[in-house]
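Enquirer: What shape does this take:
(chains A and B)
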Amino acid sequence: MQSVTHIFKKILLTFVASVFAISFLLPTILTVANSFMSQQEISSNYGVIFNQYGETEYGERNTDYVSEKVNLKFIPDMVDVSQYSTVLLKSPEYLMKFWNSVILVVPIVIVQIVIALGAAYSFTRFRGRLREIIFFLYVALMLMPFQVTLVPNYLVADWLHILDTRWSILLPGFFAPFSVYLLTKFMRRIPESLIEAAQLDGASEWQIFTRICIPLCKGAIASVAILLFIDYWNMVEQPLIMLSDVDMHPLSVFLSQINTGEVGIAFAIATIYMIPTILIFLYGEEYLVDGISYSGSVKG
Amino acid sequence: MSNIEETEEKIPYKKTSLSKKDKKNAAIYLTPSLLGVLLFFVIPFFVVIFYSLVDNPINKEFVFFDNYINIVQNSSFQQAAKNTATFSFVAVPLAVILSLGMAILLEQNIPMRSQFRTFFLSPMMVPVASIVLIWQVLFEYHGVVNEWLAVFGIEPVDWFKSSYSQIVIVILFLWKNLGYNMILFMAALNAIPRDVLEVATLDSASSFQIFWYIKLRYLSPTILFVGILSLINSFKVFREVYLLTGDYPYDTLYMLQHFMNNTFRSLDYQKLSSGAILMALVMVVVIGILFFVENKFGKDVEG
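Expert: Below you'll find the model as predicted:
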């Protein structure tokens, strides 16, 4: 009897987990599936939803459409890559937006980590009252939402005359405190004895930093890089405030403004936009999990 | 959190007094970062405080709290603050409970656990901008969700333009954030000492008793941490709302960041700065609670 209830429990739990898993995966799968439909198929499936904007703006709804139905399909009638060929070959402006995202995100990830490694090393090696206060400042700053940090950032960008240039997003990104926080937490795990042994062997601070701490932090650097990339790849707030020139906007902002007549293309672009983060996820899930696990506290 | 950190807390570090040379070295490694933080965040923040206390940036006449009184009485600000608070109030408890449930589910003896973890975590990797189209398909008036509801005889709901609209955003928020919280809980569950659990099992404690009396006690700091982290994340929910509905969403979706963005457009420095400072004060209280709780509970469980 015991084993029967046991098996029953196992089946029930697996079922619950599957329901969760499906609802987590569904939006992503649907987006990808829709990107392989032809424009005609998209229009016939979703015409009800997306056409009305073009006709009535925000006012009353076009009642002619009420009887029509939305068809949510997982598998296209016919796999069609015409959306992709439009995006990739005929409309360079979409690729330009993708490139806009890349040149904002990649430099921020690299420079922020380089600067943070130094700061984390300093926070790891040298302790004291002042250090605790500065570290607290970093953590508090990291937790502040954009409503708070964007106003100061905007003022500085204005003083430096870099508004409407990419520097207004890049520079605050270079110095954002998130990687300092996480790398400090990782570096503190390095046994003190290892560093002391190196000191006895006559290693300089620079040698301890570059030959011991950085190599031991390789995994941590990967974790931080992944978390940073996901975060900045998603950026919306900064470009809206800092860049009035729509041509410089990253794809994340642009996707929300895409013309409703081009829903098919939008699905293809949305899919292209997920590719980098999904590849990183598939390749570095363990690093990501490590990084999250370490973020589970504000203590230095 | 204390559980995860237990091992690292135990690494002894000597409180040696630093020599002058060491202090200089410490400063060198921190300098680039600290200069940047001061220039881009701290110094302008003081300017923001100054702006919030004067009548305008050119005249610079002190008006003390007039700007704050104005913004608190501003109906858009009130609406935005109310909506943000309502959203947090609903979304945060759900985020904590559901992610804890998921973490416990993955602890059970079920097949394909690591695949399930991957699936649960996958929304984190998908940019919000990529799935807003599908969200519109699902929740539009003519959308799929209403069709499903119709099967049960439920009248269609105008999800984006009614008092239900926050539900859509709560679902999106949960979809995106549960995975992250789940990992935090999984790490905390892993850190519970095995021998404590073994002793309980030998004493024939039921699995519910083990959960209620042992696991929850060890998890309590993490539960608080995840709660506060979710609260902070819930203040950032503007991104999702903006991508779904644009600059001027339905009334109940008008968030604090909408208010700030629209104020940026008119460059009303008084409103902007006093709004930012008010928000910062709220955050300082939240962060203060977080630190207090960590210090108190962290020691409690370890000791």
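
Enquirer: Residue 189 sits in which helix or strand?
Expert: Just so you know, I chose chain A. Of the helices and strands defined by DSSP states H and E, none includes A:R189.

Enquirer: I was thinking of chain B, sorry if that wasn't clear
Expert: Using DSSP H and E, the element containing B:L189 is helix B:165-190.

Enquirer: Spell out which residues of the stretch 201-303 of chain B are next to chain A.
Expert: B:222, B:225, B:232, B:235-236, B:238-239, B:242-244, B:246, B:256-257, B:260-261, B:264, B:272-273, B:275-276, B:279-280, B:283-284, B:286-287, B:290-291, B:294, B:298 (CB under 8 Å from any CB of the partner chain). Bear in mind the C-beta positions are built from the backbone N, C-alpha and C, glycine included.

Enquirer: Out of the residues you listed, which end up buried?
Expert: Buried members of those, scored by 16 or more other CB atoms under 10 Å in any protein chain shown, are B:222, B:225, B:232, B:235-236, B:238-239, B:242-244, B:256-257, B:260-261, B:264, B:272-273, B:275-276, B:279-280, B:283, B:287, B:290, B:294, B:298.

Enquirer: packing partners for the helix or strand where B:V137 lies?
Expert: For B:V137, the host element (DSSP H and E) is helix B:128-139. Other helices and strands packing on helix B:128-139, by 3 or more CB pairs under 8 Å, 6 or more residues apart in numbering or on different chains; DSSP states H and E, are helix A:2-35, helix A:39-56, helix A:251-256, helix A:263-294, helix B:144-151, helix B:165-190, helix B:238-245.

Enquirer: give me every residue that touches A:M142.
Expert: Counting by CB atoms under 8 Å, 6 or more residues apart in numbering or on different chains, A:M142 touches A:176-178, A:181.

Enquirer: out of those, which is most surrounded?
Expert: In terms of neighbours by other CB atoms under 10 Å in any protein chain shown, the contacts of A:M142 top out with A:A176 at 27 neighbours.

Enquirer: Please name the nearest non-neighbouring residue to it.
Expert: A:Q112 (6.1 Å; CB to CB, 6 or more residues apart in numbering or on different chains).

Enquirer: C-terminal to the helix or strand where the one you found lies, which secondary structure element comes first?
Expert: Under the criterion of DSSP H and E, A:Q112 resides in helix A:92-125. Per DSSP H and E, the first helix or strand lying C-terminal to helix A:92-125 is helix A:129-143.

Enquirer: Quick check: buried residues in that following helix?
Expert: The neighbour-count check on helix A:129-143 (16+ other CB under 10 Å) flags A:131, A:134-135, A:137-143 as buried.

Enquirer: give the contact list for the residue of the stretch 51-200 of chain A found nearest chain B.
Expert: The stretch 51-200 of chain A approaches chain B most closely through A:F175 (3.0 Å), counting by CB to the nearest CB. By CB under 8 Å, 6+ apart, the contact list for A:F175 reads A:112, A:115, B:33, B:36-37, B:39-41.

Enquirer: These into a markdown table, with extra columns for pLDDT and distance to B:F120?
Expert: Shown next, in a markdown table, are the contacts of A:F175 (pLDDT from 0 to 100; distance: CB to CB, whole Å):
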| residue | pLDDT | distance to B:F120 |
| --- | --- | --- |
| A:Q112 | 97 | 28 |
| A:I115 | 96 | 33 |
| B:S33 | 94 | 34 |
| B:G36 | 94 | 36 |
| B:V37 | 95 | 35 |
| B:L39 | 93 | 40 |
| B:F40 | 93 | 36 |
| B:F41 | 93 | 34 |
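
Enquirer: so which pair among these is furthest apart in space?
Expert: Pairwise distances across those (CB to CB) peak at 15.0 Å, for the pair A:Q112 and B:L39.

Enquirer: These two: who's more crowded?
Expert: More crowded of A:Q112 and B:L39, by other CB under 10 Å: A:Q112, with 25 against 17.

Enquirer: Find the centremost residue of chain A, please.
Expert: Most central in chain A under CA atoms, centre = their mean is A:I230, positioned 2.1 Å from the mean C-alpha point.

Enquirer: element containing it?
Expert: Mapping A:I230 onto the secondary structure by DSSP H and E places it in helix A:218-233.

Enquirer: contact partners of that helix?
Expert: Here helix A:218-233 makes contact (CB under 8 Å, 6+ apart) with A:101, A:104-105, A:108-109, A:112-113, A:116-117, A:173, A:178-179, A:182-183, A:186-187, A:214, A:252, A:276-277, A:280-281, A:284, A:287-288, A:290-292, A:294-295, B:124-125, B:127.

Enquirer: Now the buried members of the residues you listed.
Expert: Among the contacts of helix A:218-233, those classed as buried by 16+ other CB under 10 Å are A:101, A:104-105, A:108-109, A:112-113, A:116-117, A:173, A:178-179, A:182-183, A:186-187, A:252, A:276-277, A:280-281, A:284, A:287-288, A:290-292, A:294-295, B:124-125, B:127.
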